[in-house]
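[1] The amino acid sequence is not available; the structure is as follows:
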């Protein structure tokens, strides 16, 4: 296991509203910190794990170690302004779209440069899956697994108590507190890691839209997702309040060209009390699901 620094030039994608001013704004946020894990033998492929919002790379260590044991080289990373690639207060202008476009593309470019001979696959958790389905870092991938990646509109969150809690954080507390303290205090708000102010504000704006970021014309999400051709395994948990099976299906309706397989895991199947939004990547919850997920990725590599 080794730490790597990945440069970001500020212009990871020219699509969806990227401008020269955006690039200049992100020039000072020039590096992503990642963790690289290598198998003892020659890797059969390279897996990049794209993280969920406010979720640090260290959260994915157990899953990464399992994938390494199956023969894959694995990179997990922190987006800029989060955990090892932070602190959030030093990156106030970074938006969620910057993570999806600039960071995901920078990581993909680094893997192509450092490991050109290895076939590439990727796993995207929640926001990380959004990045991949929008085509970021996906041009040379043989397969994409998404975990809990859904149309994340606030109106779809259930039960009502969770919808009210999330709404209070993303529509009120976050937007009010973030400009005052210079970052979104995710740890105190119960969202995970601290995140940049601009990311919190954009997230809060998107959740208010009935179709989430598909209703934001500056992102061009509908057209971009419709162009994706990489095979997808879209996984989720039956008890995920943030990404229910119906919400995942609503997102996947926008994937027009790629072959998509769906898999929903249940607590009863995994013999646990609850899975939730992060459980499929926790060893204590869903280790029994990992062989199926990693085998699918390995099959995509072998087929190509």
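    Okay, I see it. All figures in this text were calculated on a predicted structure; none of them were measured in a lab. Numbering: from 1, shown residues only.
[2] Am I right that residue 47 is in a helix?
    No: counting by DSSP: H, G, I helix; E, B strand; the rest coil, residue 47 is not part of a helix but strand.
[3] what's the spacing between residue 301 and residue 292?
    16 Å (CB to CB, to the nearest Å). Every residue, glycine included, has its C-beta placed from N, CA and C.
[4] which one of these two has more residues nearby?
    More crowded of residue 301 and residue 292, by other CB atoms under 10 Å: residue 301, with 19 against 12.
[5] Just list the residues touching the more buried one, thanks.
    By CB atoms under 8 Å, 6 or more residues apart in numbering, the residues touching residue 301 are 44, 45, 119, 121, 142, 143.
[6] Would you mind listing which of the residues you listed are buried?
    In the contacts of residue 301, burial by neighbour count holds for 45, 119, 121, 142, 143, counting by 16 or more other CB atoms under 10 Å.
[7] and the last one, which of the three is it?
    Secondary structure of residue 143, reduced to three states by three-state DSSP: strand.
[8] For the closest residue in space to it that isn't next to it in sequence, what are phi and psi?
    Distances taken as CB to CB, 6 or more residues apart in numbering place residue 300 nearest to residue 143, at 3.1 Å, with adjacent residues excluded. Per-residue torsions, residue 300: phi -60, psi -40 (degrees, to the nearest 10).
[9] Contact partners for residue 300?
    Counted by CB under 8 Å, 6+ apart, residue 300 has contacts 121, 142, 143, 231.
[10] Recalculate using a threshold of 10 Å.
    45, 119, 120, 121, 141, 142, 143, 144, 145, 230, 231, 233 (CB atoms under 10 Å, 6 or more residues apart in numbering).
[11] beta partners for the last one?
    Counting by DSSP bridges, residue 233 is bridged to residue 145, residue 261.
[12] ranges for the strands of the chain?
    2-7, 31-37, 45-50, 72-78, 120-125, 141-147, 232-237, 260-265 (DSSP state E).
[13] Could you dump those strands into CSV and include mean pLDDT and distance to residue 93?
    Formatted as CSV, those follow (pLDDT from 0 to 100; distance: least, CB to CB, whole Å):
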stretch, mean pLDDT, distance to residue 93
strand 2-7, 95, 18
strand 31-37, 97, 16
strand 45-50, 98, 21
strand 72-78, 98, 17
strand 120-125, 98, 24
strand 141-147, 98, 27
strand 232-237, 98, 31
strand 260-265, 98, 34
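[14] Look up the closest residue to the most centrally placed residue in the chain, ignoring the ones flanking it.
    Residue closest to the mean C-alpha point of the chain, counted by CA atoms, centre = their mean, is residue 128 at 1.3 Å. Nearest residue to residue 128 in three dimensions, chain neighbours excluded: residue 50, at 2.9 Å (CB to CB, 6+ apart).
[15] The one you found - how many residues pack around it?
    Counted with other CB under 10 Å, residue 50 comes out at 31.
[16] Could you do residue 97 as well?
    Counted with other CB under 10 Å, residue 97 comes out at 27.
[17] could you measure it against residue 206, distance?
    Distance from residue 97 to residue 206, by CB to CB: 10 Å.
[18] which residues are common contacts for these two?
    Each of 213, 216, 219, 221 lies in contact with both residue 97 and residue 206 under the rule CB under 10 Å, 6+ apart.
[19] how about those in JSON lines, adding neighbour count and distance to residue 191?
    Output for the shared contacts of residue 97 and residue 206, formatted as JSON lines (neighbours: other CB atoms under 10 Å; distance: CB to CB, whole Å):
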{"residue": "213", "neighbour count": "25", "distance to residue 191": "18"}
{"residue": "216", "neighbour count": "17", "distance to residue 191": "21"}
{"residue": "219", "neighbour count": "22", "distance to residue 191": "22"}
{"residue": "221", "neighbour count": "24", "distance to residue 191": "22"}
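[20] right, and the pair among the residues you listed with maximum separation?
    The most widely separated members of the shared contacts of residue 97 and residue 206 are 216 and 221, with 7.1 Å between them, by CB to CB.
[21] on that earlier part again, and the buried ones among the contacts of residue 301, which is closest to residue 278?
    The closest of the buried ones among the contacts of residue 301, once distances to residue 278 are taken by CB to CB, is residue 121, at 21.0 Å.
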